[in-house]
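A.B. asks: model this:
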Amino acid sequence: MKNSYSTEEGLQYIKDRYVFNDTTGDVIEKSTGKIAGRHPVPISDRLYIRVGKKEAPSSIIAWALIYGEWPSNRIGFRNGKCSDTRKCNMYITYSSEKSKRSQEYNRLTEDQRKDRALRQSFGISLEDFNKLNKDQEFVCAICGKEEDKYRKGKKLPLHVDHDHSTNIVRGLLCSWCNLLLGHAKDDKNILVNAVRYLEAHEELVANGGDTLLKVGSYRDSTQRDKKRELMLNPLPIKNNT
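C.D. replies: Numbering: from 1, shown residues only. As a prediction, the model looks like this:
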């Protein structure tokens with residue numbers, strides 16, 4: 001399938017795999033009889049459905065199943081709910097309507113825009129964010145430091161961290177710690193192994209070991225084996241508090 005799902009091939013793909021229920025507005029998988037799609041954005045009502053290697057909003061899939069063609073422009077919703085994909089609720093919007101939405105957004109204050117973004121992405125308000133920030137004393141929940149990244153000369157706010165399996169907000173993190181969890185894929189085993197790795201090295205140094213000659217090479221196999229043993233059987237993690 002081509003990079004874009006909105007092709008004749010993509011249209012045939014969804015016709016082969018999905019059917020549309022206009023009573024409920026649901027797209028149903030033919031193979032399982034279940035409602036198709038997932039919620040990639042926390043606390044969002046919008047479903048996304050697989051089309052080959054891509055994903056498309058359920059409203060676009062519903063439209064294509066109803067009319068046998070991809071929508072020619074953005075889809076609007078008469079009751080304002082993008083999750084309501086019944087035929088009677090969907091229509092094609094045009095530039096004048098897009099301009100109207102842009103004007104409405106431009107009239108929002110900075111705080112109103114922040115509140116809107118937080119509600120759409122994480123289901124919390126700006127008031128919730130500010131309270132959580134105050135409870136954490138305006139520092140990262142992991143490293144205990146303030147955010148040190150700037151954009152256009154302005155310090156960035158702490159990042160909202162949430163559990164990707166439950167969509168529950170866990171706390172606020174600085175950019176570095178947010179990346180730490182992201183690169184570790186929220187896997188506790190990876191993070192524990194990282195601690196073991198650092199402690200094994202510290203233990204060798206504390207005992208007078210000369211661990212590395214060059215990057216990637218050990219002075220002798222004895223120290224290499226000792227370090228590996230420490231990593232597999234680490235010392236108890238010390239409490240620095």
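A.B. asks: contacts and neighbour counts: CA atoms only from here.
C.D. replies: Noted.
A.B. asks: check this protein for its longest helix and report it.
C.D. replies: Longest helix in the chain, counting residues (DSSP state H): helix 188-206.
A.B. asks: what packs against that one?
C.D. replies: Here helix 188-206 touches helix 221-232, going by 3 or more CA pairs under 8 Å, 6 or more residues apart in numbering; DSSP states H and E.
A.B. asks: what is the mean pLDDT for the helix it packs on?
C.D. replies: Taken as a whole, helix 221-232 has an average pLDDT of 62.
A.B. asks: pull the helix or strand with minimum mean pLDDT from the chain.
C.D. replies: strand 212-214 (a mean of 46; mean pLDDT, DSSP states H and E).
A.B. asks: contacts only, for the closest residue to Arg78 other than its chain neighbours.
C.D. replies: Once flanking residues are discounted, Arg78 sits nearest to Asn89: 5.2 Å by CA to CA, 6 or more residues apart in numbering. With contact taken as CA atoms under 8 Å, 6 or more residues apart in numbering, Asn89 is in contact with 77-79.
A.B. asks: just the buried residues from those residues, in PyMOL please.
C.D. replies: Buried residues among the contacts of Asn89 (16 or more other CA atoms under 10 Å), as a PyMOL selection:
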select buried, resi 77
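A.B. asks: would you list every one of the helices in the chain?
C.D. replies: 8-17, 58-67, 95-106, 110-122, 126-135, 175-183, 188-206, 221-232.
A.B. asks: give me the contacts around the first one.
C.D. replies: Looking back up the chat, that one is helix 8-17. Counting by CA under 8 Å, 6+ apart, 1, 5, 29-31, 51-52, 61, 64-65, 68-70 sit against helix 8-17.
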